[in-house]
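Trainee: Could you look at this predicted model? Sequence included:
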Amino acid sequence: MLTSAVTPPNIATLKMYYLLLEIFILSSIFMYSTQAYISISSSRPIRGGSVTIYCNTSSTVEFYNTKIQNTYLAVCFFSSNICRNTTFSLDGQTIYQFGTDGTISWVNILSLNRTRDQTLWKCQDSVIASNSEALNLTVYTFPSAMKYSSPLPSPTDLGQISLTIECQTENCIYPEPQITWRYSNESVNFNTGNVTLSSNSSTCSQSEQIYTSTLRLPRGTVFPGNIPMTTKLICQARYSWNSSVYSSPFSPDVIFAVSLTYVNISGPTNITNGTQVNFTCMTSVSRPPASVNWYVGNIWVTTGIDSINRSTENGMIYVESRLFFVAEDTRHHDKIIYCQAYTISATDVVTSEIQRLYVRVPVYSVSLSPADSMITALEGLEIPFECITSAGRPQPSIRWWLGGMQLFNVSGNQSVINGTLVSSQSILRLPMNKTHHNKTIYCDARVLDQPTVVESSKPVLNVLYPPSVPIVKPFSKSFPWLENRTERLECFAVDRGNPSSSVTWNTSRVTVEDNHQLIIENLGANDHGIQVRCQLKNNYTMAKNITLISEAISLSVEYTPIITLNPPITSVIVNETNKLNLTCSATGNPAPNSVSWVNQSLLSASLYISDIKRNRTGIYTCAAQSTSISNITLRKTKQVTVTVQYAPVISVRVVDLAPKEGRISVECNAQGVPSSYTFHSWVHKFGNVVVRSGLQGTGADSTSVLNIYNASLEDMGTYVCSAANGIMGLDGNLSQANAAYLNVKGSPNIFTEQQYITGEAGQSVNISIKFYSDPSLSNITIKRNGIIINATGRITRSRTFFNFTMYNNTVRLSIEVAHFIISALKEDDFGNYMLEFMNELGTRKFIVDLKALETTGDSHVGSIVGGVLGSVASLTVVAIIVFVLKRRGFQLDHRKVISYIQSKLIKKRDNDSSAGNIGPEFSNTAHNSTEEEETYEHLRKPRYSDNPYSGFQGDHSDEQNSRGSEIYANLPKYSFARDSAVYANQPDNSYTNVEVHTYGNIGQVNHNDKIYQNTAT
């Protein structure tokens, strides 16, 4: 193409050139093309279907079907785009249609028929006949599916039976397909040798056939690779030019056989004659299970076989076959053994490994000589023993045993050959030794790998030998021994020999023998140091003339010390203040480490008391002590009774109070050594005055009791008891004494007579009323003309002493004075007064009749003079009466008479002084002079610390003997006849109490008045 490289052509010009070129080319084709072209719309036309054949020539096309007619069926013109015949009918049915589009022509076959349509189709140019093209039209018929020609069997086990299956096309087809068999789960085809193909056209038309494929699987068919498999089968038809597959349904399960791959044999090849042998043949898994045959020496064995089918986890079967037989030397020795297995045919076998049997012949018997059950021999003698075995294979081995221990290096072994068997012989030469005694000797034998040995008889060796040298030793570990025990000595020998030796003891001690032991009973000090030996002997020592005797043992007995007293006494009597001297010594084994007197803290061997006291009376023990080797204390004591004689200790107490009877019992107890006492008469004192003496008590042994009946104030005071036992007291006197104080309590006692007093208005009256009250007054009430008045300021009290008569003895009794004071008498103060003195035990009344003065002072003086003259006259009368009574022989106590007169005078004096005492009020200080206070202090109730006898010896611990204790009792009314005038105002219902003070022992009574100071209240 000529173009300018510099100036490009115009685009419109180029388009024109291309259009002209295309027209030229097309015109050339139409004008000059002579080669026809034919094609088909489908590569695999199917019977009954439609297909289109295309034809392209230069201008006019003619279609030919040689089976229909030799002339053309239709002609089509490109130039006019028309066909002369547009259809072709046969038997009134349009079977072809023709057409053209000016470039290509075609024929459309409406219903393909193999008979008319499967032929050579041609199209040619109607102008140029040589310009034609043809094609062979093949009409296909494909199978709709595959089916089995006969009913399928139930699941088939190819290990048991064979299998034949026919699979055919379900309809008539054309052309012949390729039919294959497959596994349902594997893409593996069967070997073509198992498949045959056949066809049948009897029921088909248009040259079609029904094709049948037959699969034959003989029994024993295995799956490829000998894999255990259960699967289904499927039949498939296909053509090579497409991928369409026509399949049958799945068949039932087919169980494929599994071929044997190996057989293993196991079992002992080295066996023992006469024993049962067990061999096992194990196959691989197979289907069907394998059959196993056994061969021994290439001979088929049919007995003694036990086969078991065993399953694996996947259900496969393997066979375990066992062969049992009893090994026999002649039948089995050096024979081969193996097993074979097969599944279907006995010709298709698998053979195990071949093994060779070796039969052991064990030892059945072993003989020993000498064959006695017991072999007796002296120590040192050599005895030969022979052992022979029965024949065996391999050669038996022999062992020797002595006392359970194997003997080695035994010489004299031999072998004896008997055919293929061998027996053994061994000789043992054994020197007798005591270590062999009572041991068994035997031999045993066996062949190699024989499970048990065979033993000979087992005689016992009885070796006679002497005992060892004996030793005498204590049987117990506690040596030295302790006294009073029973101990044993043993004649000990390391070996008592065989036969067992007897013992002979050599000692002077009386003993008891028991099984080589010497029993020593009741050991004592006399056994210490005794020598003991023993001797052993038996038949061997006597035959050999051997003497075996022990060395001597010296007995060591630990005993308690032996005590010696000097002087050798068991009791001693010594008077208090004398001396005591005793000495103690001791010996023993071991030697005493201490000897001492253990009483009264005396820890020395000498008991010396220079001035012995009564508290040293008792049993004195001398103790000697030592310590044994076993740390046991050995202690011995010896006692001496020491009696210390001393003067009696006197204790006095009130032991009996009887209020209803008014009786008081005062008990005196004496305690001393010796206990034989002489009691003196009781003494009754008040203050320093001995009221009574010579009072006799009652009682016996160590007690004296003084009974006081109808106790009164006269009985108040200190009661002294004294006694002696012939031993001088620490004060140097033989007689010892002690006392108790008796205090009498009751309702108040008034010693002043009732008062009849006159007075004038404006004057004061002071009336002194003497009284004794124990217990103390609780109240004083005043009644005037029967009406209680206020006593405040009217009564004052003071204390004084009063001469009181006790059993015709005057004592100083501390009393109180009540001062009844009326100041500045008024008219209403005159009248009758009653003073009531009250304590917890009763009440006393005192009457005062206060009258208004009616006379003058002269008459008062006359009254005084008259009173004095009256008193003188009274005394004169009394004196005359006393004189007359004495003249008549009456014994009068002048002290009582004087006391009576004094009381009358005092009463008269008091009345006079009361009547004339119109002065100022009487105060307490007026009646408490220094002398009176001192005297009262001496007579007050004693306290514990005031006891004048606290320094005396004696036992003061008894509560009833404690200083200052008090005992009370209500007693009946007492009356003093001797002082009736004084006590005339005592009420009939009054009672008296008794208070007793008991003191400890006061020692010897010396009747010194000062000893009783501070003892009364």
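Mentor: That came through fine. Quick caveat, the model's predicted, so the values are computed rather than measured. Residues are numbered from 1 along each chain as shown.

Trainee: where in the stretch 151-300 of the chain is pLDDT low?
Mentor: The model of the stretch 151-300 of the chain has pLDDT under 70 over residues 185-194.

Trainee: same thing but at 80, please
Mentor: Within the stretch 151-300 of the chain, the stretches with pLDDT under 80 are 152-153, 184-197.

Trainee: Going by residue numbers, what spans are strands in the stretch 301-450 of the chain?
Mentor: Under the criterion DSSP state E, counting those that start in this stretch, strands of the stretch 301-450 of the chain are mapped to 305-311, 317-326, 336-342, 349-351, 355-356, 358-360, 366-369, 374-378, 382-389, 397-402, 405-407, 414-418, 421-431, 441-446.

Trainee: The shortest one - contacts with which helices or strands?
Mentor: Same thing as strand 355-356. With contacts defined as 3 or more CB pairs under 8 Å, 6 or more residues apart in numbering; DSSP states H and E, strand 355-356 has these neighbours: strand 336-342. Placement of C-beta: from N, CA and C, glycine included.

Trainee: quick one on the thing from earlier: can I get the strands of the stretch 301-450 of the chain in a markdown table including distance to T617?
Mentor: Compiled in a markdown table, the strands of the stretch 301-450 of the chain are given as follows (distance: least, CB to CB, whole Å):
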| stretch | distance to T617 |
| --- | --- |
| strand 305-311 | 113 |
| strand 317-326 | 110 |
| strand 336-342 | 118 |
| strand 349-351 | 126 |
| strand 355-356 | 117 |
| strand 358-360 | 107 |
| strand 366-369 | 93 |
| strand 374-378 | 82 |
| strand 382-389 | 89 |
| strand 397-402 | 84 |
| strand 405-407 | 82 |
| strand 414-418 | 105 |
| strand 421-431 | 86 |
| strand 441-446 | 86 |
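
Trainee: Give me whichever of those strands is most buried.
Mentor: With neighbours defined as mean count of other CB atoms under 10 Å, the strands of the stretch 301-450 of the chain peak in mean count at strand 441-446, which reaches a mean of 22.

Trainee: tell me the average confidence for that one?
Mentor: Strand 441-446 shows a mean pLDDT of 95.

Trainee: can you list contacts of that strand?
Mentor: 362-363, 366, 368, 375, 385, 387, 389, 396-403, 424, 426, 428, 430, 452-459, 461 (CB atoms under 8 Å, 6 or more residues apart in numbering).

Trainee: Partner strands of that strand, with direction?
Mentor: When pairing is defined by DSSP bridges, strand 441-446 lines up against strand 397-402 (antiparallel), strand 454-455 (antiparallel).

Trainee: My guess is S184 contacts C235. True?
Mentor: No. Between S184 and C235 there is no contact under CB atoms under 8 Å: 11.3 Å.

Trainee: Distance-wise, check the residue nearest to N566 when sequence neighbours are not counted relative to I619.
Mentor: Closest residue to N566 in three dimensions, ignoring its sequence neighbours and counting by CB to CB, 6 or more residues apart in numbering: T583, at 4.3 Å. The gap separating T583 from I619 is 17 Å, by CB to CB, to the nearest Å.

Trainee: ok so the residue nearest to N566 is a helix residue?
Mentor: No. Assignment of T583 by DSSP: H, G, I helix; E, B strand; the rest coil gives strand, placing it outside any helix.

Trainee: Okay, and the nearest residue to T587 once chain neighbours are set aside sits in which element?
Mentor: Distances taken as CB to CB, 6+ apart place I562 nearest to T587, at 5.3 Å, with adjacent residues excluded. Using DSSP states H and E, I562 sits within strand 557-566.

Trainee: Output the contacting helices and strands for the helix or strand following that strand.
Mentor: Next in sequence after strand 557-566, counting helices and strands by DSSP H and E, comes strand 571-575. Here strand 571-575 touches strand 580-589, strand 633-658, going by 3+ CB pairs under 8 Å, 6+ apart.

Trainee: on that earlier part again, so which of T583 and I619 has more stuff around it?
Mentor: Taking other CB atoms under 10 Å, T583 and I619 do not tie; T583 has more neighbours (15 against 10).

Trainee: Surely the more buried one is in contact with W597?
Mentor: No. Between T583 and W597 there is no contact under CB under 8 Å: 9.5 Å.

Trainee: what residues are shared contacts of those two?
Mentor: 605-607.

Trainee: Which of the residues you listed has the largest number of neighbours?
Mentor: Neighbour counts for the shared contacts of T583 and W597, by other CB under 10 Å, peak at L607, which reaches 20 neighbours.

Trainee: what pairs with that residue across the strands?
Mentor: Beta bridges link L607 to L582, judged by DSSP bridges.

Trainee: who's in contact with it?
Mentor: 580-584, 597, 620, 622.

Trainee: Now the phi/psi pair for the closest residue to N81 other than its chain neighbours, please.
Mentor: In space, not counting the residues next to it along the chain, N81 is nearest to G102; the distance is 4.5 Å by CB to CB, 6+ apart. G102 adopts backbone torsions of phi 90, psi -20, taken as degrees, to the nearest 10.

Trainee: quick one: G102 and L853, what's the gap?
Mentor: Taking CB to CB as the measure, G102 falls 209 Å from L853.

Trainee: Those two: which has the busier surroundings?
Mentor: Using other CB under 10 Å as the criterion, G102 and L853 rank with L853 on top: 17 against 12.

Trainee: check contacts around that one.
Mentor: Applying CB under 8 Å, 6+ apart, we find L853 in contact with 758-760.

Trainee: Pick the one among those closest to I317.
Mentor: When these are compared for distance to I317 (CB to CB), G759 wins out at 163.6 Å.

Trainee: That closest one touches A824, doesn't it?
Mentor: No. Counting by CB under 8 Å, G759 does not reach A824; the two are 10.6 Å apart.

Trainee: between the two, who's got more neighbours?
Mentor: Set side by side, G759 and A824 show more neighbours around G759, with 19 against 10, by other CB under 10 Å.

Trainee: can you pull the contacts of N707?
Mentor: Applying CB under 8 Å, 6+ apart to N707 gives the contacts 663-665, 698.

Trainee: Any buried residues in stretch 91-101, and which?
Mentor: Buried residues in stretch 91-101, counted by 16 or more other CB atoms under 10 Å: 95-100.

Trainee: swap in stretch 834-845?
Mentor: Burial within stretch 834-845, assessed by neighbour count using 16+ other CB under 10 Å, is assigned to 834-835, 837-839, 841-845.

Trainee: do the same with stretch 44-52
Mentor: For stretch 44-52, a neighbour-count test (16+ other CB under 10 Å) marks 45, 47, 51 as buried.

Trainee: Which per-residue confidence value corresponds to the second one?
Mentor: Translated: R47. R47 is assigned 89 on the pLDDT scale.

Trainee: Noted, bye for now.
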